[in-house]
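[1] Predicted coordinates and the sequence they were generated for:
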Amino acid sequence: MENGFYMQTTEVTQGQWQMVMGTLPLYTRKCDEKCPVDRVSWDDAQKFINKLNKIEGSHNYRLPTETEWEYASRAGSETAFANGEISALTCDRDTKLDEIGWYCGNAKIYPHHPVAQKNPNAWGLYDMHGSVWEWCSDWYGDYPPESVTNPIGPSDGTERVMRGGGIADTARSCRSGNRHSLRPDLMFDNIGLRVIRTP
């Protein structure tokens, strides 16, 4: 990764969202202020980031690209999870994922668990696997056929990329390399965000 960035160590929490926006997203299931905010559309995430940048007087905060997200999630690993290989494809307990994430094998769907309750990855990032899906900046599309450095995805599309899996998802969905997408105006349970800051 040639271009440096700082990634938030946790997902954006309900307390952080409320501090910036003044209110929680509609239908968010209230939890401890340290629980991840959910029911956030990609469009809502942009409003949050724009307001955060305005408060900070900068343009440094944004969503990660899909490449940046996976790079940070892997934290130098080449396995399914940052701490090892996958052992369960369904909601059966996965020993490695149990150590670092909330998913359908070890979590009730509601309420959410506060962030940073599981072990971080090797770079100190919490809940990169499970908890809530995290929006990326990219439009969803096929990977380029040639080798590229720091790709930013297609220039347009109909759906935006989400990564990481959520508490209602299987271990397979929570792998570092798993991709999902959704229209940017839609919101569902277990979809949140994590921001990055460029130097």
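    Thanks, I have the structure now.
[2] got the contact list for the residue nearest the centre of the chain?
    Nearest to the mean C-alpha position of the chain, by Cα atoms, centre = their mean, lies Glu134 at 2.5 Å. Applying Cβ atoms under 8 Å, 6 or more residues apart in numbering to Glu134 gives the contacts 11, 69, 162-164, 192-194. Any C-beta I mention is one placed from the backbone N, CA and C, and that applies to glycine too.
[3] Filter those down to just the ones in helices.
    If you go by DSSP state H, these have Trp69 in helices.
[4] circling back: what bridges to the residue nearest to the centre of the chain?
    Taking DSSP bridges as the rule, Glu134 bridges to Arg163, Gly192.
[5] now swap in the one 5 residues further on and tell me
    Judged by DSSP bridges, the bridge partners of Trp139 are Arg160.
[6] in the protein, which spans are helices?
    Assigned by DSSP H, the helices in the chain fall at 14-21, 42-56, 66-74, 95-100.
[7] Would you format those helices as JSON lines with distance to Asn119 and mean pLDDT included?
    Formatted as JSON lines, those follow (distance: least, Cβ to Cβ, whole Å; pLDDT from 0 to 100):
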{"stretch": "helix 14-21", "distance to Asn119": "22", "mean pLDDT": "96"}
{"stretch": "helix 42-56", "distance to Asn119": "26", "mean pLDDT": "97"}
{"stretch": "helix 66-74", "distance to Asn119": "14", "mean pLDDT": "96"}
{"stretch": "helix 95-100", "distance to Asn119": "5", "mean pLDDT": "97"}
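[8] Which one of the ones you listed lies nearest to Asn3?
    Proximity to Asn3 (Cβ to Cβ) singles out helix 66-74 among these, at 8.4 Å.
[9] Now do that closest one: distance to the chain's middle.
    10 Å (Cα atoms, centre = their mean, to the nearest Å).
[10] Likewise for stretch 4-19?
    That offset, for stretch 4-19, works out to 10 Å (Cα atoms, centre = their mean).
[11] do the same with stretch 151-161
    Centroid separation for stretch 151-161 versus its chain: 16 Å, with Cα atoms, centre = their mean.
[12] What's the end-to-end length of it?
    13 Å (Cα to Cα, to the nearest Å).
[13] residues of that stretch that come out buried?
    Residues of stretch 151-161 classed as buried under the neighbour-count rule (16 or more other Cβ atoms under 10 Å) are 153, 159-161.
[14] Distance-wise, check Lys51 relative to Glu78.
    37 Å (Cβ to Cβ, to the nearest Å).
[15] Check Glu11 too.
    Glu11 is 24 Å from Glu78, by Cβ to Cβ.
[16] quick one: which of the helices of the chain is nearest Asp142?
    Across those, closest to Asp142 is helix 66-74 (Cβ to Cβ), at 12.1 Å.
[17] So which residues make contact with the closest one?
    Contacts of helix 66-74 (Cβ under 8 Å, 6+ apart): 1, 5, 7, 64, 82, 121, 123, 125, 128-129, 134, 136-138, 150-153, 161, 163-164, 176-177, 179, 196.
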